[in-house]
Structures are given as C-alpha cells and as structure tokens.
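# Okay, structure incoming, though there's no sequence with it:
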C-alpha cells in the first residue's frame, strides 16, 4: 500500500477505523470483478485503487444512525 495514497484518503475519511472498513469492502468488490472508478497508467493493487477512489471522491459513505443500529 502506497503511503501517499493512504495519507490522501485519510484527508477525506479522518477516522482510520472507518477507512479500513471502506477499503476492505471496496477491495472485495474489486477482487470479485468490479471495475475501478479511477484510471491509472501503472498497475495498482486493489488496496491502492480503493484508496485512490476514496481520495478522489469516487466513493462515499454514510454512518448508520443509532436508530438504524437498534434495528439490527
């Protein structure tokens, strides 16, 4: 994982625990055949692709409300 991609993604998602969850979910999608949302001239790992997608605003997230969590 490239450090510069990680630092840029942390500027968008400031909580490292949330970032880990977003990246891991996106990596699973990429490994199962989803197309990357960013273009690159170099061959990127799925982790680096996910971090770039986050830092470029291609992926967003919402946190569950306490009411939504209570329903689970």
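Sure thing, it's come through. What you see is a predicted model; the values in this text were computed from it and never measured.

# which residues touch the lengthiest helix in the chain?
Ranked by residue count, the top helix of the chain under DSSP state H comes out as helix 16-31. With contacts defined as C-beta atoms under 8 Å, 6 or more residues apart in numbering, helix 16-31 is touched by 9-10, 13, 36, 46-47, 49-51, 53-54, 59, 61, 63. C-beta here means a position set from N, CA and C on the backbone, and glycine is covered the same way.

# Can you name the element that comes right after that helix?
Sequence order places helix 46-55 as the next helix or strand after helix 16-31, per DSSP states H and E.

# list the helices and strands that following helix packs on?
Helix 46-55 sits against helix 3-12, helix 16-31, with contacts defined as 3 or more C-beta pairs under 8 Å, 6 or more residues apart in numbering; DSSP states H and E.

# Tell me which residues of it come out buried.
46-55 (16 or more other C-beta atoms under 10 Å).

# do stretch 15-24 as well
Per 16+ other C-beta under 10 Å, stretch 15-24 contains these buried residues: 19, 22-23.

# From these, pick the one nearest residue 71.
Using C-beta to C-beta, residue 22 comes nearest to residue 71 of those, at 22.0 Å.

# about what we covered before: a markdown table for the buried residues of helix 46-55, including pLDDT?
Formatted as a markdown table, these follow (pLDDT from 0 to 100):
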| residue | pLDDT |
| --- | --- |
| 46 | 97 |
| 47 | 97 |
| 48 | 97 |
| 49 | 97 |
| 50 | 97 |
| 51 | 97 |
| 52 | 97 |
| 53 | 97 |
| 54 | 97 |
| 55 | 96 |
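
# Any chance of TSV for the residues you listed, columns distance to residue 71?
Putting the buried residues of helix 46-55 into TSV (distance: C-beta to C-beta, whole Å) gives the following:
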residue	distance to residue 71
46	32
47	32
48	35
49	33
50	28
51	31
52	34
53	29
54	27
55	32
